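> coordinates only, no sequence provided:
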């Protein structure tokens, strides 16, 4: 079964860049523009991986993470934090919530994919 990957970022450019990074693999990309919508998408679609921004309006990435971890059905959701915030305290706070993969923006596709491959099985799309 193809993995479902949820990209949660208030920037449509970043969400497109994430989708483009995974385009060569058999997977489904779901998008959300903030943590509140992202949490709804997790509940509805049960993604295999969430690529999550830290700073967003409505609900930020840390609050979304806290709510994911507090829900027994969702607490095992795999997350990569993708953010411009590289403050050591932020990295520590996110690590306490179970996120081990942290990427700072701007990011390279290969950097995102190498971390994603550690968390989910990605199968290249067949050549057409």
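Good, I have the coordinates. The structure presented is a predicted model; accordingly, all values stated were derived computationally and were not measured.
> quick one: the helices in this structure, in order.
With helices called from DSSP state H, the chain shows them at 12-22, 35-45, 61-70, 88-96, 109-119.
> can you list contacts of the least confident helix or strand in the chain by mean pLDDT?
The helix or strand of the chain with the lowest confidence, counting by mean pLDDT, DSSP states H and E, is helix 88-96 at a mean of 85. Taking contacts as CB atoms under 8 Å, 6 or more residues apart in numbering, the residues outside helix 88-96 that touch it are 54, 61, 62, 65, 81, 83, 102. Where you see a C-beta, it was placed from the backbone N, CA and C, and this is true even at glycine.
> of those residues, which is the most crowded?
Ranked by the number of neighbours (other CB atoms under 10 Å), the contacts of helix 88-96 place residue 61 first, at 27 neighbours.
> got a list of what that residue touches?
Listed by CB under 8 Å, 6+ apart, the contact set of residue 61 reads 8, 35, 52, 53, 54, 55, 81, 83, 94.
> quick one: contacts for the residue positioned nearest the centre of the chain?
The C-alpha lying nearest the average C-alpha coordinate of the chain belongs to residue 51 (CA atoms, centre = their mean; 1.0 Å). Counting by CB under 8 Å, 6+ apart, residue 51 touches 5, 6, 7, 8, 9, 18, 79, 80, 82, 112, 116.
> again, 6 Å this time
By CB atoms under 6 Å, 6 or more residues apart in numbering, residue 51 lies in contact with 7, 18, 80, 82.
> for it, list each beta-bridge partner.
Using DSSP bridges, the bridge partners assigned to residue 51 are residue 7, residue 80.
> re earlier: looking at the helices of the chain, which is closest to residue 126?
helix 12-22 (15.4 Å; CB to CB).
> which residues touch residue 38?
Taking CB under 6 Å, 6+ apart as the definition of contact, the neighbours of residue 38 are 8, 32, 64.
> measure the closest residue in space to the last one that isn't next to it in sequence to residue 59 for me?
This means residue 64. The spatial neighbour of residue 64 that comes closest, neighbours along the chain excluded (CB to CB, 6 or more residues apart in numbering), is residue 35 at 3.3 Å. Here the distance between residue 35 and residue 59 works out to 3 Å (CB to CB, to the nearest Å).
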